[in-house]
Structures are given as C-alpha cells and as structure tokens.
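J.: take a look and give me a structure for this.
(one chain, ligands or ions: 1)
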Amino acid sequence: MQKGNIGVTTENIFPVIKKFLYSDHEIFLREMVSNAVDATQKIKTLADKGIFKGELGDLTVRVSLDEKNKTLTISDRGIGMTEEEIDKYINQIAFSGVNDFLNKYKDNANAIIGHFGLGFYSSFMVSNKVEIITKSYKEDAKAVKWTCDGSPAYEIEDAEKADRGSDIILHIDDDCKEFLEKARIQALLNKYCKFMPVPVAFGKKTEWKDGKQVETDKDNIINDVEPLWTKTPSTLKDEDYKKFYNELYPMQDEPLFWIHLNVDYPFNLTGILYFPRIKSNIDLQRNKIQLYCNQVFVTDQVEGIVPEFLTLLHGVIDSPDIPLNVSRSYLQSDSDVKKISTYITKKVADRLNSIFKENRKEYESKWDDLKLFINYGMLSQEDFYDRAKDFALLKDVDGKYFTFEEYKQLIKDGQTDKDGQLIYLYANNKEEEYSYIEAAKDKGYSVLLLDGQLDVPVVSMLEQKFEKSRFMRVDSDIIDRLIVKEDVKKTELDSDKADNLSAAFRSQMPKLNKVEFNIEVQALGENNMPVMITQSEYMRRMKDISRFQSGMSFYAQMPDSYSLVLNSDHQLIKNILDDETSKCNDALTPVISEIKGQQARLAALHQNQSKKKPEEITQEEKDDLSNTEKTLNEQREKKNQIIADYAKDNKIVHQLIDLALLQNGMLKGSALDAFIKRSVSLIK
Ligand code: ADP
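T.: Numbers count the residues shown, from 1 in each chain. Got it, this is the predicted structure:
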C-alpha cells in the first residue's frame, strides 16, 4: 500500500469545498456522471481510431444507491485509470496561488469547480470518504483502489476488478443524507444528466405487479443520448419540435414558433429556442432557457448569454464555448459572449423574417402572441429594432395587419397635417373609445389598436424612429384638431356668450376624485355631437409612461385632466344659450355692467400705478386697488352664482354632461342612477 498527500497546495481546499460551496452541493453528481461519460466517450474514440482493439460491450454508466452502507456509486466502462494516471489527474491538483483564488471565488462554487479541474473533488462536499476502484483499458493494466477521507491524505492499493472502467464510491456524510434518497437522486439526474450523450442507468425500471411496484430486469435509463438540438434541422418535422417542447415543459401550451440554432464558426453553438404562447403575465417567466455544455446541464440562468429580451423564450442552448464557470460580471464583458448574444439576436430576427415572408398568414395569426417579444426586443435592443422593423406589425381596429412601411403608405395621403406631420391615430380599447373611433373612421382615417402591455413605450419609441410622425389617441382631441389640415377658424361665438355658456356647464360638473375638467366652447358644425370629452395626449401619456419608469411618480400624482368641449353650432347648445340669456338677463345685466365698470377702474388704477416707483404709491392707492379687485371677484362670483342657479334646474345641461361622461365610462353609482331617472322623465 502506498500513502501520500494530495498536491500540497491544496491544504485549504477541502474545508473550502465543504464550507463555502454549500449552496451548490448537488452539482457533485453532475461532475461524477460527466466524468464517467467523458471516460466512456474516450474509449469509443480510441476504438474508432483502432487504438483500443477489445470489445466495447455495454457502455452504460450506472448510478446506484446502497442505503445500508450509505454509499452512492457511479460506475462506467470507460478508459479507466492506471496508478500513474490517478497520481497525475487526481492527486496533483497543481495550480499556483490557490488561496488567492479561493478567496476570490468563495461565493461561486461553479467558478472553482470545473474551471480549474476540481470536478472530482466536489464529491467531498457530500462525502466523508471517497473510493475509486479503477482499471485502465490498457493491456495488462492492474486494478487499483484509491481512498481518501477528505483530508489531504490518500491511500492507494491494489484491487480486484474484473472489468475495464471505474467505480467511484461516495460514502455520503451524515449531514447530506438527502443524497441517499432515491427520489432526490432521480431528480438530480433528471436535472443535470437528462441529455448526456452516453446512456445513464439509475437502478431498474419498475412495474406494477399484484398491487405492488416491483423491479424488472430492464435498466432505468434516465437520459436521451441524442436530444433534438443535436440533430440536423432538415431531418426534423414540426411534430418533433412540438414533442421535444412538451418533454421540456410538460404543462405548457404548444409553442408559437421555434428556432433551431446551429453554428460551428466562429464559435460552437447549437440549440432550439421556442416562442411560448403567453396567456397572461403569470406565464411570463425568465430562466426557462436551459444552458448545456456538451449535453451536460449547466444552468437555467442565461442572462448575459442570450440578449435580455430573449430570456423570455424557452428552450435549450448548448455550447462548449461559453465560459460557463466564471462569474456573471465576467460573462457580460466577455467579447466571445457578446458575439454569441449578437449571433442569437440575428438568428432569431432572420428566422422571424423568413416565417413572415414565407407564410404571412400564419405569422399574422400568431402576431398577437408574438408581439410582446418583438416589442420588447425592439425597445431593449437597437440592433434588433433595425431588423424587426421589416416584420413587426401594426394592427388596426378592424384586425388588419400592416408592416410599418405598409401602414405609412396607407395613411400618408389622408393623415398628414398642415405642418407635414404624419398623424398615427390609435385606440387602446375598442369598446371604451368606440365613438371616437367611429368619428375618425367617418373622416376616412385609419385607427390602430394598441392594446398590448408594451404599447405605451412602443409609441414613444416609434415617434422617435419614424420621421415627422406623431401618435394621437382618438379621444385626445376633437376630430378636426387631431389632424389639423388647415388653420382652424375661430369660434364665432363672442367671448361673453362663450363665458356664460361655459359657466353654466362648469357649475354643474360632478366633483370626481383626482379628475379635472376644463370647459371649452368650439364651433364644430351642427352635425357633430353637442358635448364631447377629450383627454390631452401629452398628459395621459406622461401618466402612462410614469407607470413604466421610476422617477416619474410626479406625473402619476397629477389628476387626470379632461376637456369638456361644447359645440356652439349644435342646436341643443344654442337652445341652452338662448334660454340662459332670456332667463338670466335681468339678473345678469346689472352684475355684468358692474363687472365692466370695475374692470375699467382696475385697468385705470394699474396704469396709473405703473408709472410710479413703488415707494411713491400711497397706502390709499394700494387699498383702492385691492378693494377694486375684491369687488370684481365678488361680482364675478355673483354672476357665476346666478348662472349656476339657472343651470341647476336645466335638465338638458345635466343630460348633456352625463351623456359625455357616460361615453367615457365615467358615469357611475348615484350619478348614473340620477341620469337614468332623468332620462325617463325627459322621455315622458
Ligand atoms: P475534469 O473532468 O474537469 O478534467 P476532474 O477533477 O473531474 O476534472 O477530473 C480530473 C481527471 O481525472 C479527468 O480529467 C480524468 O482524466 C480523470 N478522471 C476522473 N474521473 C474519471 C473516470 N470516471 N474515468 C477515468 N478518468 C477519470
């Protein structure tokens, strides 16, 4: 028997492995099984090259549990190791500055394991003793047994082993008992080894017999040695992709599209990405892409490797070229990783573009589901926008789809305003904005339906990308002002009348929480509605954007501000004005003449005082000015009160206000009830 110490520089490794790498304990199994798989592939290669001339035989890697002896064994029939090889590969873990290294990476187990060839030593995270019984494929090789209890000391001795290959026997620590549970091991094999390229058996298959689960003599193979992404795309059918998707995500709906990635230059990468069908935000999950390295599962945290917007996709990526075992910040700055990310973006865009070109109908039918990904991509990545602008679609309220360019051509003639701006009209909700949509359509305008979760930022983005273009929601102004074709003619109503009319409506507007109304009088033609409510595009949009962006809560706090537009051309409004004039004239005339008088006086006082220096103005003059202002305000209030008293009893004023509110879904509760009762009384 020979005794020795594992490479002296590793004095500190075992405690580190045990203590610091706690969270990643389970990866030991991946490391053990992939070593077995590697050894198996090596023997196959040697056989192919004619170096190994013996029988390959059954190459299955076997994982077995012995609960009584508290061991977990991984056996292979690979190349095995000679005593010299054990010494070279297992005993000498020679790299310098081990302490520095360990300190630097102590929080990242993956960084140490694998990257520096410590894979095998991860077994000590869960074991108090590890044995290797191995026999090299080489002729006349002797079987050897290596034993180590977790201290740097090891023993090596001759052993009995009939067959070529290695048995790695892990004596599981008492505080890691979970790894002696069948279900736990099965789950880990399923997570890490599901697609390894050599068959891996975990015990035997079981079946129901006489009301009991009994073992059969068939191996329980836990992996698929030739997963779909390793196959040539041209040999695969849609069904194959759907089936594989179902294997990966058993409870998910069928995917929308998939992309088979397959490159070997300038880096190696294969994989299949799926666009999932998103029914609600709950389905929106990152970390559904699995990253493999030569069919060995590494992680499902792919940020940094796939572009951010594609982390919403599902599927697998397999690349031996991604530096898997380094920290995330390193990944993000690594230029190879950037290349991979750029490649994936390009590939995804190309594929979408070809589906769009080859089968536009199908593409359109899936657009509503697809749009979230594409919009997200365009918003988050400039180079994706440049590609996606040719196959991103806009949908109008009638369900027709257009590319950006097609839509521009469609509206160019009809929706360019007097300043040469192209106005894109849109609605967020077909039902709620129905009458505004209809008004726009009557004018011959097209209206887009923007009801997606990302449409608020998308609108801002498109306004920046498209030249001389503006997006306006259909209810953001009266139709003639949405797209101003020529300078609007001023309302013919004189300002006193317009004031009185406004005052009547203003006095009767309901007090709503965080809502402000501004009353306007406009000559909109006798065939247009008498009263309309509009909401300024700018304010509404700022409030919408504030929901997406932090630091804009100022806007979110602002009340919603609407305009109530009175159409002075409409007969009902004319009637109200006439009625108001005749009913209030007697009461208003003296007040108005008083107001006029006070206004004149105020103007004179202002003019007089403006000529003087501040210190020359006497107290008397100052009092005069403020008294005049006070009187004026009192008179104005008096005037408003007279009008309010009149309007209070005018059912038509109330009815028109309520109709406008109703049209915007703002009439509720007791106000709605009052409206219904009033309507009935008006019909009588
Ligand atoms: P890595 O696999 O990254 O090289 P490991 O620490 O896991 O690092 O293994 C070190 C070396 O030990 C391997 O490169 C291989 O030569 C040898 N080895 C480990 N396990 C086996 C095995 N089951 N059969 C043959 N050789 C093995």
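
J.: please make it C-alpha for all contacts and neighbour counts, starting now.
T.: OK.

J.: any idea which element the closest residue to S507 other than its chain neighbours lies in?
T.: By the measure of CA to CA, 6 or more residues apart in numbering, the closest residue to S507 outside its immediate chain neighbours is A644, 5.4 Å from it. Secondary structure assignment for A644, by DSSP states H and E: helix 619-648.

J.: now that helix, how far from the centre of its chain.
T.: 57 Å (CA atoms, centre = their mean, to the nearest Å).

J.: that helix: what's the following helix or strand?
T.: Next element after helix 619-648 (DSSP H and E): helix 651-663.

J.: hey, C-alpha coordinates of that next one in CSV?
T.: Output of helix 651-663 as CSV, limited to C-alpha atoms (Å, rounded to 0.1, in the frame of the first residue of the first chain):
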residue,chain,number,x,y,z
LYS,A,651,-82.2,69.2,-17.3
ILE,A,652,-80.6,69.5,-20.7
VAL,A,653,-77.3,70.8,-19.2
HIS,A,654,-77.2,67.8,-16.9
GLN,A,655,-78.3,65.4,-19.5
LEU,A,656,-75.5,66.5,-21.9
ILE,A,657,-72.8,66.4,-19.2
ASP,A,658,-74.0,62.9,-18.2
LEU,A,659,-74.0,61.7,-21.8
ALA,A,660,-70.4,62.9,-22.3
LEU,A,661,-69.4,61.2,-19.1
LEU,A,662,-71.3,58.1,-20.0
GLN,A,663,-69.5,57.9,-23.3
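
J.: mean confidence score for it?
T.: Here helix 651-663 scores 94 as its mean pLDDT.

J.: same for that helix, what does it pack against?
T.: The contact analysis (3 or more CA pairs under 8 Å, 6 or more residues apart in numbering; DSSP states H and E) places helix 651-663 against helix 495-508, strand 531-535, helix 669-683.

J.: need the ones you listed in TSV (columns: mean neighbour count).
T.: Below are the helices and strands packed on helix 651-663 laid out as TSV (neighbours: other CA atoms under 10 Å):
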stretch	mean neighbour count
helix 495-508	18
strand 531-535	22
helix 669-683	12
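
J.: of all those, which lies closest to the ligand?
T.: strand 531-535 (64.5 Å; CA to the nearest ligand atom).

J.: elements contacting the closest one?
T.: strand 560-567, helix 651-663.

J.: can you pull the buried residues of stretch 341-361?
T.: Across stretch 341-361, burial judged by 16 or more other CA atoms under 10 Å covers 341-350, 352-353, 355-356, 360.

J.: flag the shaky bits of the stretch 101-250 of the chain, pLDDT-wise.
T.: Scanning the stretch 101-250 of the chain for pLDDT under 70 picks out 101-118.

J.: from the rest of the structure, what touches stretch 536-551?
T.: 456-457, 472-473, 476-477, 552-553, 555-556, 558, 560-563 (CA atoms under 8 Å, 6 or more residues apart in numbering).

J.: filter those down to the buried ones and hand me the PyMOL line.
T.: Applying 16+ other CA under 10 Å to these leaves a buried subset, and the PyMOL line that selects it is:
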select buried, resi 456+457+472+473+476+477+555+556+560+561+562+563
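
J.: re earlier: and the helices and strands packed on strand 531-535, which is most packed in?
T.: Stretch with highest mean neighbour count among these: strand 560-567 (a mean of 21; mean count of other CA atoms under 10 Å).

J.: listing partners with orientation, what would you give for it?
T.: strand 515-522 (parallel), strand 531-535 (antiparallel) (DSSP bridges).

J.: what packs against the lengthiest helix in the chain?
T.: Ranked by residue count and defined by DSSP state H, the top helix of the chain is helix 571-610. Contacts defined by 3+ CA pairs under 8 Å, 6+ apart place helix 571-610 against helix 495-508, helix 619-648.

J.: in the last one, what's buried?
T.: When burial is assessed from 16+ other CA under 10 Å, helix 619-648 yields the following buried residues: 625, 628-629, 632, 635-636, 638-640, 642-644, 646-647.

J.: would CSV of the helices and strands packed on strand 531-535 with distance to the ligand be doable?
T.: Formatted as CSV, the helices and strands packed on strand 531-535 follow (distance: least, CA to the nearest ligand atom, whole Å):
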stretch, distance to the ligand
strand 560-567, 62
helix 651-663, 70
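
J.: and the strands in the stretch 51-200 of the chain?
T.: 61-66, 71-76, 127-135, 144-148, 153-158, 165-172, 200-209 (DSSP state E, counting those that start in this stretch).

J.: what lines up beside the third one in the sheet?
T.: Here the strand partners of strand 127-135, with direction, are listed using DSSP bridges: strand 144-148 (antiparallel), strand 165-172 (antiparallel).

J.: and the last one, is it in reach of the ligand?
T.: What it means is strand 165-172. Yes. Strand 165-172 reaches the ligand (CA under 6 Å from any ligand atom) through S166.

J.: buried residues in stretch 467-480, which are they?
T.: Buried, per 16+ other CA under 10 Å, within stretch 467-480: 469-479.

J.: K638 and the ligand, how far apart?
T.: 91 Å (CA to the nearest ligand atom, to the nearest Å).

J.: which residue comes closest to that residue once chain neighbours are left out?
T.: Counting by CA to CA, 6+ apart, K638 lies nearest to V591, which is 7.4 Å off, once chain neighbours are set aside.

J.: which stretches of this protein have low pLDDT?
T.: Residues of the chain that meet the criterion pLDDT under 70 lie in 1, 4-23, 92-118, 279-287, 323-334, 487-491, 550, 552.

J.: how's it carved up into domains?
T.: 2-206, 228-371, 392-482, 496-534+567-683 (automatic domain parsing).

J.: how far away is the residue nearest to S507 from N608?
T.: Distance from A644 to N608, counting by CA to CA, to the nearest Å: 36 Å.

J.: isn't T403 right next to A388, touching?
T.: No. In this structure, T403 is not within contact of A388 by CA atoms under 8 Å, at 10.1 Å.

J.: looking only at neighbour counts, state which of these two leads.
T.: A388 (21 against 15; other CA atoms under 10 Å).

J.: now the more buried one. Nearest residue, chain neighbours left out?
T.: Per CA to CA, 6+ apart, closest to A388 is A349, 6.5 Å.

J.: dihedrals phi and psi, that neighbour?
T.: Dihedral pair for A349: phi -60, psi -40, per degrees, to the nearest 10.

J.: quick one: it and M378, what's the gap?
T.: 11 Å.

J.: ditto for V680
T.: 53 Å.

J.: now do Q663
T.: 35 Å.

J.: and if you look at K514?
T.: Following CA to CA, the distance that separates K514 from M378 is 34 Å.

J.: between those two, which has more neighbouring residues?
T.: Each of K514 and M378 has its neighbours counted (other CA under 10 Å); M378 has more, 22 against 10.

J.: so which elements touch the host helix or strand of that one?
T.: Here M378 sits within helix 360-380, counting by DSSP H and E. Other elements packing on helix 360-380 under the criterion 3+ CA pairs under 8 Å, 6+ apart are helix 382-388, helix 455-465.
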